[in-house]
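# how would this look folded up:
(3 chains)
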Amino acid sequence: MSVYSLLIVAHIIGTILGVGGATFAEIFHVRAMRDGTITEEEGATLKICYTVLRIGLALLVLSGFSFLIYYRLTGQEELLYSEKLWAKMTIVFIIPINAILFQIRKIPTWLATAVSLTSWYTALILGIYHDVSHSYLEIIGLYIVAIFVVAFILHRINIHYALLREKKPETNKT
Amino acid sequence: MNNRYKLLKSISLGSIVAIIAVTVITIVGELYAPFKDWLKGVFMHHWLGKSALAVIIFIFVSFVGNILFSREDNRAKWLLEALLYVALLATLFLMIFFFYHGRS
Amino acid sequence: MTILYTSLIVHIIAGLVGVISAFALLIGLLHRVPKIRSLKIWSVITFFSFILSWATGAYYYVLYYGKAVKPVILAGGAPWAHKIVMEAKEHVFLFIPFVAFVIMVGIFAAPDAILGDRPIKKSLAWLSAFVFVLGALIALAGVAISGAARQ
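Prediction:
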């Protein structure tokens, strides 16, 4: 197996762990919040998801930069000025910044979860499609719009469960 | 316990002075070519000179700080905060300096 | 050439490991009850990664970059990549090993203060954030400089 193939495998595994970790963190979070509180067991499950997600992030960054070294050493430096690459790097940089802001409670939960989920899926999409012809600003603009769309969808799901929670005691009474 | 805090205070002071020294040496070297040439002459390369001087200054100031700070001195947090502000300001200062200097 | 390329690869990867471990350190310090053992491990990794990155970067920069890469960048379409980005990067990088060393000593010296959530914990967290953000920006600057070698 060549170095390049190894890098591709590492990059794909990193993306899978990251996207999977972010997705399941959100699913378990929504599920845990159905009763309004996160139990110790649910908290432990979420912690595992965050650990998987961070391992994915580390693998993604290390393999991603290894690609850039490969381009540099094989005379393909022009690829390092691709607008898609810079958009992807910006979005990947936002992931840990979002995690830090969430940890110190400087960003509301609805926005933090939407940013995490959207960032991972955007990085995945940008990685899959090679011939993205959009400019840096267009990609970042679409990404920002997507964050608010995802936030709205998650908000609707949470409202749905909150309504169910309110209905449950009434059902018990009758 | 207090000895460990004393070490922390000394190296925080050493780092503060080393960062200020790197910033000053860099700016002086850019504005006064003979100084940059002197660094090249003595240390083979100006960047190696700055690196070596930073380490020497750090070790010297940390050593002096270790003598000067008393065990009871309660300024560890203050020195850590000072290090953060100095590092931030020095970083911003060098970035802004090279932004203008590099365009001229 | 092989040693030069190896030094460039080690410089970049060690720097990235330093950035990643600084992030792990920061997240660890932000926990209500941090795990001192893992903080110690991450702080040691952060410090020694940046020392390794410093040493290998020096080797590549002094022996190769100035002679072979810098003239290409200055003659190309993006001379600012050297004049502004590289000049700033190579100097602000020098701050990181010192700050990383202070964080490492702080974690080994004050585990009681970290567990007791005293102000030193917050200061060490801020310094870790500084190392993480500056390290990440330097990594991005490195991409811009490498890209300019053919622009």
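# quick one, helices of chain A?
Under the criterion DSSP state H, helices of chain A are mapped to A:3-32, A:40-73, A:83-103, A:109-128, A:136-173.
# mind putting the ones you listed in CSV, distance to chain B and mean neighbour count included?
Where you see a C-beta, it was placed from the backbone N, CA and C, and this is true even at glycine. Formatted as CSV, the entries for the helices of chain A read as follows, by distance: least, Cβ to the nearest Cβ, whole Å; neighbours: other Cβ atoms under 10 Å in any protein chain shown:
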stretch, distance to chain B, mean neighbour count
helix A:3-32, 29, 17
helix A:40-73, 20, 18
helix A:83-103, 16, 19
helix A:109-128, 25, 20
helix A:136-173, 20, 13
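# nearest to residue C:119, of the ones you listed?
When these are compared by Cβ to Cβ, helix A:83-103 sits nearest residue C:119, at 18.2 Å.
# how far does the closest one sit from the chain's center?
Mean C-alpha position of helix A:83-103 versus that of the full chain (Cα atoms, centre = their mean, to the nearest Å) differs by 9 Å.
# For it, name the packing helices and strands.
Other elements packing on helix A:83-103 under the criterion 3 or more Cβ pairs under 8 Å, 6 or more residues apart in numbering or on different chains; DSSP states H and E are helix A:40-73, helix A:109-128, helix A:136-173, helix C:2-30, helix C:119-148.
# now for the longest one, which elements pack on it?
Okay, so that is helix A:136-173. Taking 3+ Cβ pairs under 8 Å, 6+ apart as contact, the helices and strands that helix A:136-173 lies on are helix A:3-32, helix A:83-103, helix A:109-128.
# what about these, which gets the closest to residue C:66?
Each of those has some distance to residue C:66 by Cβ to Cβ; the shortest is helix A:83-103, at 26.5 Å.
# For chain B, which residues score under the pLDDT cut-off?
Applying pLDDT under 70 to chain B flags residues B:1-2.
# What's the biggest helix in it, counting residues?
Looking only at chain B and at elements set by DSSP H, the helix with the highest residue count is helix B:2-31.
# what's around residue A:78, how many residues?
12 (other Cβ atoms under 10 Å in any protein chain shown).
# Can you give me the separation between it and residue C:12?
19 Å (Cβ to Cβ, to the nearest Å).
# same deal with residue A:86?
The spacing between residue A:86 and residue C:12, counted by Cβ to Cβ, is 17 Å.
# Please apply the same query to residue A:94.
Between residue A:94 and residue C:12 the computed distance is 21 Å (Cβ to Cβ).
# Ok, residue B:8 next?
In this structure, residue B:8 lies at 31 Å from residue C:12, with Cβ to Cβ as the measure.
# can you give me the angle the lowest-mean-pLDDT helix or strand in chain A makes with helix A:83-103?
Each helix and strand of chain A was given a mean pLDDT (mean pLDDT, DSSP states H and E); the minimum falls on helix A:136-173 at a mean of 85. Going by axes from the mean of the first three to the mean of the last three Cα atoms, to 10 degrees, helix A:136-173 is angled at 40 degrees with respect to helix A:83-103.
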